[in-house]
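Novice: One predicted model, sequence on top.
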Amino acid sequence: MQKRWLKLAALPVAVGLVAAACGDDDDSGSSDTTEAASDDGGSEGSQDFEGAEVTITGPERSDADLVAIQAALDPFAEANNINITYSGDADWEANINTQVEAGNPPNISFFPQPGKLADFAREGFVVAVTDDVNATLDEYWIADFQIFGEVDGTQYGVPNKTDLKSLVWYVPDAFEEAGYEVPETLDDFLALVDEMAAAGGPKPLCVGIESGQATGWAATDQTEEFVLRNLGPEAYDQWVSNELAFDSPEIVGEITNVQNLWSEDNVFASGGSIAATAFQDNAVPLLDGDCFMHRQASFFAGFFPEDTAFADGSPGSVDVFYFPDNDGSRPVLTAGTLAAAFDDDPATMAVMEYLATPEYAETRQAAQADFLGGLSGFLSAAQGQDPNVYADLEQQFLQILLDAQVSRFDASDLMPADVGAGTFWSEMTSMINGDVTPEEAAATIQASWPS
């Protein structure tokens, strides 16, 4: 199958769907985005699948997600005579298990955790992708983004959404007024934190890790950033597979680095303590000047007040910089979703191939931004996208992803659930609270690793 089938010729269909969903809302800021995502090409390379049905499920379920995913699927569906429907599910993880056990899974599902996809692959529930899908992946995705859909040397998953975690949010005006510059290396970043703390003004960092039953995940993210930068991608992979144990001196050292970075001198916590401060409650203190920086993922834009200006140079606007490294490899920590198929029907595999393309990413981005009237909350690391479909701030996210020489998926999502979404979260929280030492936290986490 040819790769750039559609050239987005059918995007007006998708945009019409979005416009209907938006009603009479003012969309004056989104027309340029829509036009940038479309061109005058035809639907060369399309096939006739004679009305085949392809069902897709996944955990993304907001109104914007539902409209944008379907809008991105519809042009391909029309061009290839396939009926494609996406259903978002708040209880996706439980329900996909039930559907598989009952022998009635969807054709495709979006997996937020590579570990669960790997379990399904090893149990024979999902099928390996075809050579055509693999060829499309090789064309548009660097190997570091493909690897998380690979299980025991065989490709099962197709990356179709990428969350970028290696970002530091800041207010450029505040930096300029205080005489600070954006750090170029990790050593520079740590030196800047020390300089800010010694100055006695706003704290260097806003930090909060409270997230209900998931409290602590933000602390695991910071640990993962340090492991990836200080120990390197090979050690990171060994840590994920438990070849490098949690209680090894190397990992204990990086956990200690988190403890030192998040010291009382360095952190403003709006809730009174780091563990009592919700992770999303760090945006307003950053704007109010209680701190200079906050390390958090690309989705954090959604937690700023609605009238916040991003990356436009206006007074008080919010911007980001890459959380730096020391060796110039520009590693990025990511999360996201991977599509996997439960059958190898030709129509199913054609959709899988499309999900790997920049066309899918561009069309979803344009539709989601149109629906929301601003930042979309969607990002993809697929090569070959037109950056003009992204807002200025999101173009920075995209460029960081495309510049990355090394990428690794969130380690806690790759580890066994009892560890990654269990003791890793809880023990990091206990350490931040001062209840245990880094050594004690690491020992408890390691002891919880399934045998």
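Specialist: Yes, it's here. Numbering: from 1, shown residues only.
Novice: what residue ranges in the stretch 351-451 of the chain score low on pLDDT?
Specialist: In the predicted model of the stretch 351-451 of the chain, no residue satisfies pLDDT under 70.
Novice: Mind checking which residue lies nearest the centre of the protein?
Specialist: With distances taken as CA atoms, centre = their mean, the residue of the chain nearest its centroid is D163 (1.4 Å).
Novice: List phi and psi for the residue nearest to G316 when sequence neighbours are not counted.
Specialist: By the measure of CB to CB, 6 or more residues apart in numbering, the closest residue to G316 outside its immediate chain neighbours is D173, 5.9 Å from it. No exception for glycine: its C-beta is placed from N, CA and C like everyone else's. The main-chain torsion angles of D173 are listed as degrees, to the nearest 10 and equal phi -60, psi -40.
Novice: How about the contacts made by D173?
Specialist: The contact partners of D173, by CB atoms under 8 Å, 6 or more residues apart in numbering, come to 315-317.
Novice: cool, A340 as well?
Specialist: Taking CB under 8 Å, 6+ apart as the criterion, A340 is in contact with 108-109, 111, 117, 120-121, 126, 149, 156-158.
Novice: Could you verify that it is part of a strand?
Specialist: Yes: A340 sits within a strand when classified using DSSP: H, G, I helix; E, B strand; the rest coil.
Novice: let's number from 58 now, not from 1
Specialist: In the new numbering, first residue 58, that becomes A397.
Novice: Any idea what it is bridged to?
Specialist: On the basis of DSSP bridges, A397 takes part in beta bridges with S166.
Novice: hmm, which of the contacts of A397 are the buried ones?
Specialist: Among the contacts of A397, those scoring as buried are 165-166, 168, 174, 177-178, 183, 206, 213-215 (criterion: 16 or more other CB atoms under 10 Å).
Novice: Which of these fall within helices?
Specialist: Assignment to helices by DSSP state H places the following of these there: 174, 177-178.
Novice: Verify the stated contact: Q453 with A368.
Specialist: Yes: counting by CB atoms under 8 Å, Q453 touches A368, with 6.5 Å between them.
Novice: Please enumerate the shared neighbours of those two.
Specialist: Residues touching both Q453 and A368 by CB under 8 Å, 6+ apart: 376-377.
Novice: related to what we said a few turns ago, in contact with the residue nearest to the centre of the chain, which residues are there?
Specialist: Taking CB under 8 Å, 6+ apart as the contact definition, D220 lies against 354-356, 391-393, 436.
Novice: let's see it at 10 Å
Specialist: By CB atoms under 10 Å, 6 or more residues apart in numbering, the contact list for D220 reads 169, 354-356, 390-394, 434-436, 438, 454, 466-467.
Novice: Quick check: the residue lying farthest from the centre of the chain vs N137, distance?
Specialist: Of all residues in the chain, E107 sits farthest from the chain's C-alpha centroid, using CA atoms, centre = their mean; the distance is 35.3 Å. In this structure, E107 lies at 10 Å from N137, with CB to CB, to the nearest Å as the measure.
Novice: what is in contact with these two at once?
Specialist: In contact with both E107 and N137: A404, using CB under 10 Å, 6+ apart.
Novice: on that earlier part again, okay, and which of the contacts of D220 map to strands?
Specialist: Here DSSP state E is the test, and the contacts of D220 give 390-394, 466 as lying in strands.
Novice: Who does V184 form a beta bridge with?
Specialist: Per DSSP bridges, residues listed as beta-bridge partners of V184: A398.
Novice: on that earlier part again, which among the ones in strands among the contacts of D220 gets closest to G477?
Specialist: F466 (11.1 Å; CB to CB).
Novice: my read: that closest one touches D278, true?
Specialist: No: under the criterion of CB atoms under 10 Å, F466 makes no contact with D278, lying 11.8 Å away.
Novice: who's more crowded, these two?
Specialist: More neighbours sit around F466 than around the other of F466 and D278, counting by other CB atoms under 10 Å; the figures are 27 against 23.
Novice: And for the more buried one, nearest residue in space, chain neighbours not counted?
Specialist: The shortest distance from F466 to any residue that is not its chain neighbour, by CB to CB, 6+ apart, is 4.6 Å, and that residue is F205.
Novice: how near is the one you found to L174?
Specialist: F205 sits 8 Å away from L174, taking CB to CB as the criterion.
Novice: Quick check: neighbours shared by those two?
Specialist: Overlap between the neighbourhoods of F205 and L174 consists of 168, 214, 395, taking contacts as CB under 10 Å, 6+ apart.
Novice: I'd like the distance between the first one and G479.
Specialist: It stands for F168. For F168, the distance to G479 equals 19 Å [CB to CB].
Novice: cool, the second one as well?
Specialist: Taking CB to CB as the measure, G214 falls 23 Å from G479.
Novice: got the CA positions of stretch 158-176 in CSV?
Specialist: Included here for stretch 158-176 are C-alpha records, laid out as CSV according to Å, rounded to 0.1, in the frame of the first residue of the first chain:
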residue,chain,number,x,y,z
GLU,A,158,-12.2,-13.2,27.8
ALA,A,159,-15.6,-13.3,26.1
GLY,A,160,-14.0,-13.6,22.7
ASN,A,161,-15.5,-10.3,21.5
PRO,A,162,-12.7,-7.8,21.4
PRO,A,163,-12.7,-4.7,19.1
ASN,A,164,-10.7,-4.9,15.9
ILE,A,165,-8.2,-2.4,17.4
SER,A,166,-7.6,-0.8,20.7
PHE,A,167,-5.4,2.1,22.0
PHE,A,168,-3.2,0.9,24.9
PRO,A,169,-1.8,3.6,27.3
GLN,A,170,0.6,1.1,28.9
PRO,A,171,3.0,-0.9,26.8
GLY,A,172,3.2,-3.5,29.6
LYS,A,173,-0.4,-4.4,29.1
LEU,A,174,0.0,-4.6,25.4
ALA,A,175,3.0,-7.0,25.9
ASP,A,176,0.9,-9.2,28.2
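Novice: my guess is G265 meets L343, correct?
Specialist: No: G265 sits out of contact with L343 when judged by CB under 10 Å, with a separation of 11.4 Å.
Novice: shared neighbours of these two, anything?
Specialist: 325, 351, 353.
Novice: The last one touches C263, doesn't it?
Specialist: Yes: here Q353 reaches C263: they are 9.2 Å apart, a contact under CB under 10 Å.
Novice: any common contacting residues for those two?
Specialist: Residues touching both Q353 and C263 (CB under 10 Å, 6+ apart): 226, 339-340, 343.
Novice: what ranges do the strands span in the stretch 108-257 of the chain?
Specialist: Listed from the start of the chain, the stretch 108-257 of the chain has strands (DSSP state E, counting those that start in this stretch) covering 109-115, 139-145, 165-168, 207-208, 211-212, 215-221, 224-227.
Novice: Low-confidence ranges, the chain, go.
Specialist: Counting by pLDDT under 70, the ranges of the chain that qualify are 58-102.
Novice: Mind naming the longest helix for it?
Specialist: For the chain, the helix that runs over the most residues, judged by DSSP H, is helix 120-137.
Novice: Export only the CA atoms of that helix, formatted as CSV.
Specialist: Coordinates of each C-alpha in helix 120-137 appear next as CSV, following Å, rounded to 0.1, in the frame of the first residue of the first chain:
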residue,chain,number,x,y,z
ASP,A,120,-15.4,15.5,24.0
ALA,A,121,-12.4,16.9,22.2
ASP,A,122,-10.7,13.5,22.0
LEU,A,123,-13.8,11.7,20.7
VAL,A,124,-14.5,14.3,18.0
ALA,A,125,-10.9,14.6,16.9
ILE,A,126,-10.1,10.9,16.7
GLN,A,127,-13.3,10.2,14.7
ALA,A,128,-12.5,13.3,12.5
ALA,A,129,-9.1,11.9,11.8
LEU,A,130,-10.5,8.4,10.9
ASP,A,131,-13.3,9.6,8.7
PRO,A,132,-11.3,10.8,5.7
PHE,A,133,-9.4,7.4,5.5
ALA,A,134,-12.7,5.5,6.0
GLU,A,135,-14.4,7.4,3.2
ALA,A,136,-11.5,7.0,0.8
ASN,A,137,-11.1,3.3,1.4
